[in-house]
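> One predicted model, sequence on top.
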Amino acid sequence: MNRDNKAFTPRAIAAGALGSLAIAVCDLYSNMVIRGSYMALDFSTPGALFLLLFLAGLLNPLLKRFAPAWFLGQGELLVAYVMMIAASAVSSMGLVAYLLPLIASVYYFATPENNWENLIHPHVPTWMSPQNPEFVKWFFEGTPQGHPVPWMAWADPLLHWGFFLLALYTAMVCAAVILRRQWMEHERLLYPVAQVPLEMVREEEGHCVPPFFRNPVMWAGFALPAIVSSLKALHAYHNFLPAAELVTGLPLFRNTVYLIFRLSFPIIGFTYLINLDIAFSLWFFNLLETLVQGLLNVLGISSTEKLGPYGASDRPILAHQGMGGMMVLVLFGLWVARPHLGAVWRKGLRGDPAVDDRREMLPYRAALLGLAGGIGVMVLLLWKAGMPLWVSLLLVLLALLIFVGLTRIVVEAGMAEAVAPMIAASTLVSGIGSTALGPAGMVALAFTYIWQGDIRTFVLASCAHGLKLGEHLGERLRPLLWAMGLALLLGLGASTLTLLHLAYQYGGINLNQWFFGPGCQLPFEYVADKLNTPTGPDWSGWAHTAIGALVMGLLMLARHQLSWWPLHPLGYPIAVTWLTNQIWLSIFIAWLLKLAVIKYGGPQLYHRTRPFFLGLIAGQFAIAGIWLVIDYFTGMTDNVVFWI
C-alpha cells in the first residue's frame, strides 16, 4: 500500500462523518423499528463493512472514472472506515441502546411487587436519571398527540453521563495507544478483523475497481451467504418458500446441557485468517467446558451463587475459572510488556530521547495523563453516585482489565463475536460481597451496566483496530485522534437524538423488546435481590478463580516451554461463555478446512482460497444491509437474516 498517499483529507473526513451518522441513525432505526439484522452488535462492525463495500466497490470506482476530484485513495478510505468503526462502538449495543432505557427504567418498571420504590429509589441521585414521571412514562409508551419530545428533561442526566463517558473513552484510547507498539511490533499479533477492510481498499494501477472485487473466488464465497440469507429473508415475505435453517442443537447429560450447532459464515471467514493452534483451542476448550459442565450437573455439583446477568452467569463455577484465566491473560501480558511499558513510562515522565513516540496517535506523556485522568474522573463520579471510593477504584480497574483482555482476544484470535466469562460488577460483588458496597453503592452499581454489562463491542477494540489500520496511513497519526473523536461525537449525538425521537414517537415498549424490556430491568432486579438478601464474599468463587488462574498459568507455561504443545491458552478464558457456545461449530469448520488446505496444498493453496473466506464475510454483511433497505421500503419488520 502506498504510504505516501494523503489520508487525512477533507474528503476522507467528510466520508467518515457521513458514514458515522448513517450508522448512528440507521442502525438504531433498524434495531428499534424494523427489528432486522444487527449491524453494530459486535467487534465485526457489519454496518461499517457494509458501507465500505458500497464505497470502495461501487461508488469510488464510479468517482474515479467520472469525477476524479472526488475519488478517495486507499488511505482516505481507511480513515473513513476507522471513523465508522468508532461510531459503531457507541451507536447502539455498545452504549446508547442501553443508556437511555436503563436510566429511565428504574422509575417506569417500579411496582409494589418488586418494591424498587423503597429499595432503590431513595439511593438514585437525581442527576443520573430523568425525574419527571410523566416524561418517563411517555418515553416507554409514546407521547400523546400534539406533545413534543421533552428534550430538556434529559439534558441534566445526559450532561453528567457525558462527563463520565468522556473519561471512559479517554482512558480506552490512551490504553490502546500505550499497548499499540507492544501488540503490533513486539508481539506481532494478527488483527484478523482488520485484514478484511485492507483487502477491500487495496488498489492496482490501471484499474478502477479494486482487485478484491474482481476476484471470482471472492464472489463464490460472497454468493453462499447471499443466497442462503436471501432465502431466509424471502421466507418472511412468502412462507411457502424454503428457508435454510442454520442452527440446531443436541441435549446431553440428561438434558442438562445443550450442544449448539450454528453455522455462521462470517465466523468461518474470520477464523480462516487466524493461526491453526488458536482456532483449535477455541473450539476444543469450549467442548471441554461443555463436557465438564455436563458432568458437574450429573454429579449434582453446583454453585448457588447468583452472579447476575451477562457472562457465563448460569455456570458460576466455570465462570469464576474463566475469569481467573482472563486475569492471568492480562497480567501476564503486562508482565511480558514491561520493557515497553518501562519505555513508555520513561518517555512520559522524563522525556527520554531514546524513546520515539512520533508515530503514535498520542505522545506517551499525554497517553499516561489521559489514562490516569480518565480513571480518576470515573472513580470520583462513581463515588459521587454513592459507591465507596475504594470500591469505585476496584470496579474501574476490573472493568479496564476485562476491556483489555477482550481486546487482546479479538486482535489475536480474530474473535469478531466474544464476551467475557464474568463482568466487572459480578466479579466485584462476588469477591467482596454486596455488604461492602452498601445500598447506595449497589444502586450505583446497577447503572454501571450501561458501559460494563453486555460488552460485545466497545471503543478500546475499535481504537486498537484503527491503530492497526493506521500503519497504512503514513507517518502522521496524530490527525487520526481527531477523526475518531469526531466520529464518536457524531455517533453519540445522532444515536441519542434518534433513540429519543423513536421512543417518544412509537413508545419504547413497542420497539426492541430486549433493550426496552429485560435488558434495562435485569441490573435492577439483580441489585434488588442483593438488597433484600445481602451477601458477603463468596469464598468458593475465590477458590475457583484461583483454579482458573492456575490452569491458565500452566497453559501459558506449557505454550512457552514445550514446542509440541498443541493448546493455545487464548481459548481458555472465553470457552465457557454463551457466545462461544453459539460459534464453536463455525470455528471448528474453519479450522478443519484450513488444516486440510495447509496440509495438502501448502501456503500457496491457502492464499488462493483466502478470498473465498473473505467473501463469506463480505457476502453476509452486504446481504444483511441490502435486506434492511428492502424491508424499510416494504414495511417488513422482524426479518432478521444476520445475528452472529
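On my side now, so go ahead.
> bridging residues for Arg262?
Per DSSP bridges, the residues bridged to Arg262 are Val247.
> tell me the pLDDT at it?
Here the pLDDT value assigned to Arg262 is 95.
> Surely Asn297 touches Thr256?
Yes. When contacts are counted by CB atoms under 8 Å, Asn297 is listed as touching Thr256 (3.7 Å). Placement of C-beta: from N, CA and C, glycine included.
> So which of the two has more stuff around it?
Between Asn297 and Thr256, counted using other CB atoms under 10 Å, the more crowded position is Asn297 (17 against 13).
> Name all residues that make contact with the more buried one.
Contact analysis of Asn297 by CB atoms under 8 Å, 6 or more residues apart in numbering lists Phe253, Arg254, Thr256, Val257.
> Leaving out the residues flanking it, which one is nearest to the last one?
So that's Val257. In this structure, Val257 finds its nearest non-sequential neighbour in Gly294, 4.5 Å apart by CB to CB, 6 or more residues apart in numbering.
> do the same with the second one
Sequence neighbours aside, Val298 is the residue nearest to Arg254 in space, at 6.3 Å (criterion: CB to CB, 6+ apart).
> And the helix or strand encompassing that neighbour, how far out from the chain middle?
For Val298, the host element (DSSP states H and E) is helix 276-299. The chain centre lies 23 Å from the centre of helix 276-299; the measure is CA atoms, centre = their mean, to the nearest Å.
> Can you point out the buried residues in that helix?
By 16 or more other CB atoms under 10 Å, the buried positions in helix 276-299 come out as 276-286, 288-290, 292-294, 296-297.
> Quick check: the gap between Leu291 and Cys463.
37 Å (CB to CB, to the nearest Å).
> Okay, now the unreliable bits of this structure?
Applying pLDDT under 70 to the chain flags the ranges 1-5.
> give me that answer again for 50
1-4 (pLDDT under 50).
> which residues touch the residue nearest in space to the middle of the chain?
Central residue of the chain (CA atoms, centre = their mean): Thr457, 1.4 Å from the mean position. For Thr457, the contact set (CB under 8 Å, 6+ apart) comprises Ala40, Leu41, Asp42, Phe43, Thr45, Ser88, Ala89, Met93, Gly94.
> Does it lie in a helix or a strand, and which?
Applying DSSP H and E, one finds Thr457 in no helix or strand.
> How about Ile260?
Assigned by DSSP H and E, Ile260 falls in strand 257-262.
> Which positions within the following helix or strand past that strand qualify as buried?
Later in the chain than strand 257-262, the nearest helix or strand by DSSP H and E is helix 265-271. Buried residues in helix 265-271, defined by neighbour count with 16+ other CB under 10 Å: Phe265, Pro266, Ile267, Ile268, Gly269, Phe270, Thr271.
> which among those gets closest to Thr498?
Lowest distance from Thr498 to these (CB to CB) belongs to Pro266, with 25.9 Å.
> Quick check: that closest one touching Phe621?
Yes. Counting by CB under 8 Å, Pro266 does reach Phe621; the two are 7.0 Å apart.
> Which neighbours do these two have in common?
Counting by CB under 8 Å, 6+ apart, the contacts common to Pro266 and Phe621 are Ser44, Pro46.
> helices or strands up against the helix or strand Trp345 falls within?
Here Trp345 sits within helix 338-350, counting by DSSP H and E. Judged by 3 or more CB pairs under 8 Å, 6 or more residues apart in numbering; DSSP states H and E, helix 338-350 is in contact with helix 155-181, helix 364-384.
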